[in-house]
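Undergrad: need coordinates for the below:
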Amino acid sequence: MAAVFFYHVAGDLTVGKPELIEFPDSASVAEAIVALRDCTECGITVWKRRPPHLQKTPESAEARQDRFLGILNALDIVAHLSTESSLMDPDAALKTPVSQILVPDNSLLRQIDPATRLVDALEMMKQGVKRLLVARPAGWKGVSKKFSILYNGKWLKPSFGDGEEPSMVPSEKLCCLSREDMVRFLVGCLGALAPLPLTSIETLGAVNRQVLTIDSRSPARHALRALGHDPAAVAVIERSHDNGGTGSRRIVGDISAFKLWKCDHMWAAWGCSTLNAGQFAMDIEDILPFDTRSLVRPSEQSKKLNSLRQHGLSLTPVKEEDLPPPAPPEKPTGPTRKFSTKCRDFMNLYFENGGHSEKGISSRSYRGRCAPLTCRPWNSLAAVMTQMLAHRATHVWVTEHKKGEDDEEEYESLVGIVSYVDILAVVTQPSNLVVSAN
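TA: Residues are numbered from 1 along each chain as shown. Here you go, the predicted structure:
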């Protein structure tokens, strides 16, 4: 295993990290939606409130661990808002305490000492821990410079006040480390991991071929089975046959906590309960470009779509070459939203099939924000890690380029998935790296 994992400790990764802000279980879903936009790994940690008479007293690590309830992500919120009762009364749904929709899992977080070796912290995350709570006492001296932890053969320990133990650090001096922080640290020391970063993910065995999939014609709500899965992601696929006659899984979209992270959760809930998986994966914000400040019932939505038809909105398939030349730009009089070719084509399909398409959607191109984040099996580990960090994604779908039976149609065939856990498992595998003698 790489020596960098032994010469660094968890305290090194706390530099520049913000202090822990506990999200209470009594807060509403609406407050959780706001907090989600600034979280890491598309999830927020939910806690029980401390009793008022204990607010100013130090808290032990055991008591803090007992107060931790779990991690709430965007898929949990959309699943709650897409229920029939929530759609009928969205205001009440937004006021629901998060404790009623959170799936408790106390094992997703662990508090560790700042002097915990990085190799031990990585091992915890490989076993399913998603957050590490690390104390940041004022006297800690080992987090300002690299390679400053090992001194005269002894591990430096944090300096606490008289009679104060590491497990009694006040909560305002804690910070939370995620698996994204671990991967970001690995990208910063690629040289110490050589030649691993330049090796393909397929050679390293980082591709997980056990993935959750859903047919594009299936209801989008069936994707909610990804709740509690790590990562919380489902690939939207269509069954295809390549020129060799074998069946392939054509990936056309991605329904996940990452994709729903910063979307309009109310519209996503409506789409999840109404559309099929293929339509939903086309990006709900582009498909339904209306006022997203309040939820509209499906019956009212149909009236709005009919009104758009009466006012001249083109609802027939439009090709780019058939579009008229753009008009000279005019000064806008208010907030507007342009309809793309993709939206027009989708609405035509939506109306022709009574709002529930039975046709395939493989002929459409899934590009832009709605396109799933993909890589190739021969891509290097460094490239995949950089790609995930650039998009702040929790996963990347692994695909292969294939041709259809007629040798004309080309598509992306799903092979597997790479997540943070897969990356951490690869870089800490003894057979991949050996500790440097120096």
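
Undergrad: could I get the pLDDT score of the residue lying closest to D422 once chain neighbours are set aside?
TA: Nearest residue to D422 in three dimensions, chain neighbours excluded: A206, at 4.8 Å (CB to CB, 6 or more residues apart in numbering). The way it works is simple: take the backbone N, C-alpha and C, and place the C-beta from them, glycine included. At A206, the model reports a pLDDT of 95.

Undergrad: wait, A206 touches V421, no?
TA: No: A206 is beyond contact range of V421, at 9.9 Å (criterion: CB atoms under 8 Å).

Undergrad: looking at the two, which one has more neighbours?
TA: A206 (26 against 20; other CB atoms under 10 Å).

Undergrad: residues contacting the more buried one?
TA: Neighbouring residues of A206 by CB atoms under 8 Å, 6 or more residues apart in numbering: L381, V384, V418, D422, I423, A425, V426.

Undergrad: and what of A232?
TA: So A232 contacts N73, L75, A226, S256, A257, T394 (CB under 8 Å, 6+ apart).

Undergrad: hang on, the third one packs against I255?
TA: Yes: shown here, A226 and I255 form a contact pair, counting by CB under 8 Å, at 7.4 Å.

Undergrad: now do the shared contacts for those two.
TA: With CB under 8 Å, 6+ apart, A226 and I255 have common neighbours A233, V234.

Undergrad: the two: which has the busier surroundings?
TA: Between A226 and I255, counted using other CB under 10 Å, the more crowded position is I255 (27 against 20).

Undergrad: surely that one touches H222?
TA: No: counting by CB under 8 Å, I255 does not reach H222; the two are 9.4 Å apart.

Undergrad: now the common contact residues for these two.
TA: Contacts common to I255 and H222, judged by CB under 8 Å, 6+ apart, are I214, A277.

Undergrad: just the CA trace of stretch 193-213, in CSV.
TA: Output of stretch 193-213 as CSV, limited to C-alpha atoms (Å, rounded to 0.1, in the frame of the first residue of the first chain):
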residue,chain,number,x,y,z
LEU,A,193,0.3,6.6,-6.0
ALA,A,194,2.2,5.9,-9.3
PRO,A,195,1.7,3.9,-11.5
LEU,A,196,-1.8,3.3,-10.2
PRO,A,197,-3.4,6.6,-11.5
LEU,A,198,-2.4,5.9,-15.1
THR,A,199,-3.8,2.4,-15.1
SER,A,200,-7.2,1.8,-16.6
ILE,A,201,-10.2,1.2,-14.3
GLU,A,202,-10.9,-2.1,-16.0
THR,A,203,-7.4,-3.4,-15.3
LEU,A,204,-7.6,-2.3,-11.7
GLY,A,205,-11.0,-3.9,-11.2
ALA,A,206,-12.7,-0.7,-10.3
VAL,A,207,-15.8,-1.3,-12.5
ASN,A,208,-18.7,-2.5,-10.5
ARG,A,209,-21.0,-4.5,-12.9
GLN,A,210,-23.8,-4.9,-10.4
VAL,A,211,-25.9,-1.9,-11.2
LEU,A,212,-29.5,-0.9,-10.8
THR,A,213,-31.3,-0.4,-14.1
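
Undergrad: okay, how far is it across stretch 68-80, tip to tip?
TA: Terminal residues of stretch 68-80 are spaced 21 Å apart (CA to CA, to the nearest Å).

Undergrad: equivalent analysis for stretch 31-48, please.
TA: 16 Å.

Undergrad: just the residues contacting that stretch, thanks.
TA: By CB under 8 Å, 6+ apart, the list of residues contacting stretch 31-48 from outside reads 22-25, 27, 66-74, 77, 94, 98-99, 102, 109, 130-131, 176, 178-181, 257-258, 261-262, 265, 392, 394, 420.

Undergrad: list the buried ones in it?
TA: Buried residues in stretch 31-48, defined by neighbour count with 16 or more other CB atoms under 10 Å: 31-33, 35-36, 39-47.

Undergrad: which of the contacts of stretch 31-48 fall in helices?
TA: D66, R67, A74, I77, L94, R179, E180, D181, H265, Y420 (DSSP state H).

Undergrad: about what we covered before: save the contacts of A206 as a markdown table, and put in secondary structure too.
TA: Below are these laid out as a markdown table (DSSP: H, G, I helix; E, B strand; the rest coil):
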| residue | secondary structure |
| --- | --- |
| L381 | helix |
| V384 | helix |
| V418 | strand |
| D422 | helix |
| I423 | helix |
| A425 | helix |
| V426 | helix |
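
Undergrad: now tabulate these in JSON lines and tack on pLDDT, neighbour count and distance to A121.
TA: Below are those laid out as JSON lines (pLDDT from 0 to 100; neighbours: other CB atoms under 10 Å; distance: CB to CB, whole Å):
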{"residue": "L381", "pLDDT": "96", "neighbour count": "25", "distance to A121": "20"}
{"residue": "V384", "pLDDT": "97", "neighbour count": "23", "distance to A121": "21"}
{"residue": "V418", "pLDDT": "97", "neighbour count": "26", "distance to A121": "21"}
{"residue": "D422", "pLDDT": "95", "neighbour count": "22", "distance to A121": "17"}
{"residue": "I423", "pLDDT": "96", "neighbour count": "22", "distance to A121": "14"}
{"residue": "A425", "pLDDT": "94", "neighbour count": "19", "distance to A121": "14"}
{"residue": "V426", "pLDDT": "94", "neighbour count": "19", "distance to A121": "16"}
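
Undergrad: fine by me, thanks again.
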